[in-house]
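Enquirer: Turn this into a structure:
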Amino acid sequence: MVQTTNETSALQSTLADRLKEGGMWTWAYVDASGNREDPQHLAALQRRKAEDALRAAGADADVIDTVMAELEETPGVAAPVSRYVLVRDGELVLSEVLPGRMHAAQSIGHDPVPDLLPLLAHRPMDVPFLVVQVGREGGGYRAFHLGHADHPDRRDEDRVQGRTDTLHKVKGGGWAHLRWQHHTEEIWKQTSAEVAASIEEAVRRLSPRLIVVAGDIRARELLLKELSTEARSLVSEVPIDPRADDAADAALVEHVEIALARVLASRRHDVEDLLRTHVGRGDNQTVSGLGSVVGALQQAQASVVALDHQALGDRQLLALAAAPWVATAPEQASGVAVLGTVPAACALVRAIALTDAELILVNAASLPGGAVAAALLRWPVGPPVPA
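Expert: Below you'll find the predicted structure:
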């Protein structure tokens, strides 16, 4: 079923609060992968170029030092990975490690209008998810939210410790062995039921979009049998036990990243389908085209904005100091001070954050009429077109 509700992240809400305060912003979005030849030399060269770019843009030494200190830290995440650092009036606002390929070109700047596109491209929506690990001795979950600073933010966890007095099946024969083995199996099932109950409570409370289950194969089987149909529909099973070794633990991390990418892709496809559905109905619940999307953002009418930032090319828009936040021309500014003429993607993404809309990055070919931007609206633009 298509989700029509807004799913903006807590990170985006925090950014909106800071953006409304104004100020001078400094940012750096760079590749931080360590799988390149002579990575230390390349990283040092990259930092030097970033420092030169910030100095040329007018950033003072203290601000540059703040950004450089963050870029010097090792990401601690397997390649590909990037870094995004954001500073406002000399104060570090956030420093993120962003696993996966870069979603936009390298961006370094010092301006009243920050480039938030790389950040929201990696963290476009709030995605609560659970990582479950189970074994014969028990199991539990950790709850995370994609859409917060650094790595997914651990919010909640629970662990069930099963009985360990008769957990291991023994070799042998005869009726005594059969009874012992049956008793052990019942303990595993009881433990699995307790772990499942803990997960079900978390599903009711946190509404996760994904449940990743890893661990002993038999423990996974028993757990899945105990979960409700709703919870099982969210499960992505990892065919490894992350406790085995470091490689298995890394495989779990990679599995989680891939599963999250699928969740985001599913959301993108849902939005594309919903846009086409509304256009087909002619119910005026959508607009398409750069000018129309700007108009919707000016009215805080856009709930979801689908954008092909690459197709925008070198188009520019006006970024405003207060609502309506963005304009195509000075006469649209409603008397609000213009912060500057900036790349259209920067102005749009800033307005999306400020109006609590959701950003979905798409290919223009998937949008109605091949437009570079389209929006789902919180209320229609006019009466429906007669059938």
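Enquirer: in stretch 79-90, what counts as buried?
Expert: By neighbour count with 16 or more other CB atoms under 10 Å, stretch 79-90 contains the buried residues 79, 81, 82, 83, 84, 85, 86, 87, 88. C-beta coordinates here come from the backbone N, C-alpha and C atoms, glycine included.
Enquirer: Out of the residues you listed, which comes closest to residue 213?
Expert: residue 81 (25.4 Å; CB to CB).
Enquirer: rewinding a little: pLDDT check: weakest of the buried residues of stretch 79-90?
Expert: Scanning the buried residues of stretch 79-90 for pLDDT, the low point is residue 79. It has 76.
Enquirer: follow-up on the earlier one: redo the buried residues of stretch 79-90 as TSV? Include secondary structure.
Expert: Converted to TSV, the buried residues of stretch 79-90 look like this (DSSP: H, G, I helix; E, B strand; the rest coil):
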residue	secondary structure
79	coil
81	strand
82	strand
83	strand
84	strand
85	strand
86	strand
87	strand
88	strand
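Enquirer: Now residue 30: phi and psi?
Expert: Residue 30 has phi and psi values of phi -140, psi 160 when expressed as degrees, to the nearest 10.
Enquirer: mind starting the numbering at 34 from now?
Expert: Okay, using 34 as the starting number, the last item reads as residue 63.
Enquirer: How many residues are close by it?
Expert: 20 (other CB atoms under 10 Å).
Enquirer: So what pairs up with it in the strands?
Expert: Applying DSSP bridges to residue 63 gives these bridge partners: residue 116.
Enquirer: Now do the helices for the chain: every range, in order, please.
Expert: Using DSSP state H, the helices of the chain run over residues 43-52, 72-89, 94-104, 150-155, 207-239, 250-259, 262-265, 279-314, 323-331, 377-387.
Enquirer: and residue 175, what pLDDT?
Expert: Reported pLDDT for residue 175: 89.
Enquirer: sorry, back to before: farthest pair within the buried residues of stretch 112-123?
Expert: Farthest apart among the buried residues of stretch 112-123 by CB to CB are 112 and 121. That separation is 29.4 Å.
Enquirer: middle-most residue in this structure, spatially?
Expert: Among the residues of the chain, the one closest to the centroid is residue 156, at 3.0 Å (CA atoms, centre = their mean).
Enquirer: Go ahead and confirm that residue touches residue 150.
Expert: No - using CB atoms under 8 Å, residue 156 is not in contact with residue 150; the gap is 11.4 Å.
Enquirer: Can you give me the separation between residue 414 and residue 396?
Expert: 25 Å (CB to CB, to the nearest Å).
Enquirer: Also residue 408?
Expert: From residue 408 to residue 396 the distance is 16 Å (CB to CB).
Enquirer: Which one of these two is surrounded by more residues?
Expert: Set residue 408 next to residue 396 and count neighbours by other CB under 10 Å: residue 408 wins out with 29 against 13.
Enquirer: For that one, list each beta-bridge partner.
Expert: residue 320, residue 338.
Enquirer: Low-confidence regions, the stretch 184-333 of the chain specifically.
Expert: Residue ranges of the stretch 184-333 of the chain with pLDDT under 70: 184-191, 193-218, 274-280.
Enquirer: 80 instead?
Expert: 184-221, 273-283 (pLDDT under 80).
Enquirer: same thing with the stretch 34-183 of the chain?
Expert: 34-44, 67-75, 107-112, 156-159, 169-170, 179-183.
Enquirer: give the contact list for residue 351.
Expert: 359-363, 365-366, 371-375, 380 (CB atoms under 8 Å, 6 or more residues apart in numbering).
Enquirer: Now it: closest residue in space that isn't a chain neighbour?
Expert: Leaving aside its chain neighbours, residue 351 sits nearest to residue 360 (4.4 Å; criterion: CB to CB, 6 or more residues apart in numbering).
Enquirer: From residue 339, how far off is the one you found?
Expert: The spacing between residue 360 and residue 339, counted by CB to CB, is 21 Å.
Enquirer: So which of these two has more stuff around it?
Expert: residue 339 (28 against 22).
Enquirer: So for that one, what pLDDT did the model give?
Expert: Residue 339 is given a pLDDT of 96.
Enquirer: Tell me who's in contact with it.
Expert: Counting by CB under 8 Å, 6+ apart, residue 339 has contacts 301, 304, 305, 308, 393, 394, 395, 400, 406, 407, 408.
Enquirer: who's in contact with residue 409?
Expert: Residue 409 touches 37, 304, 307, 308, 311, 318, 319, 335, 336, 337, counting by CB under 8 Å, 6+ apart.
Enquirer: Pull the contacting residues for the last one.
Expert: By CB under 8 Å, 6+ apart, the contact list for residue 337 reads 39, 304, 390, 391, 393, 408, 409.
Enquirer: how about CSV for the residues you listed, with distance to residue 235 added?
Expert: Listed next are the contacts of residue 337 as CSV, based on distance: CB to CB, whole Å:
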residue, distance to residue 235
39, 23
304, 27
390, 29
391, 24
393, 27
408, 34
409, 30
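Enquirer: Fine, thanks again, bye for now.
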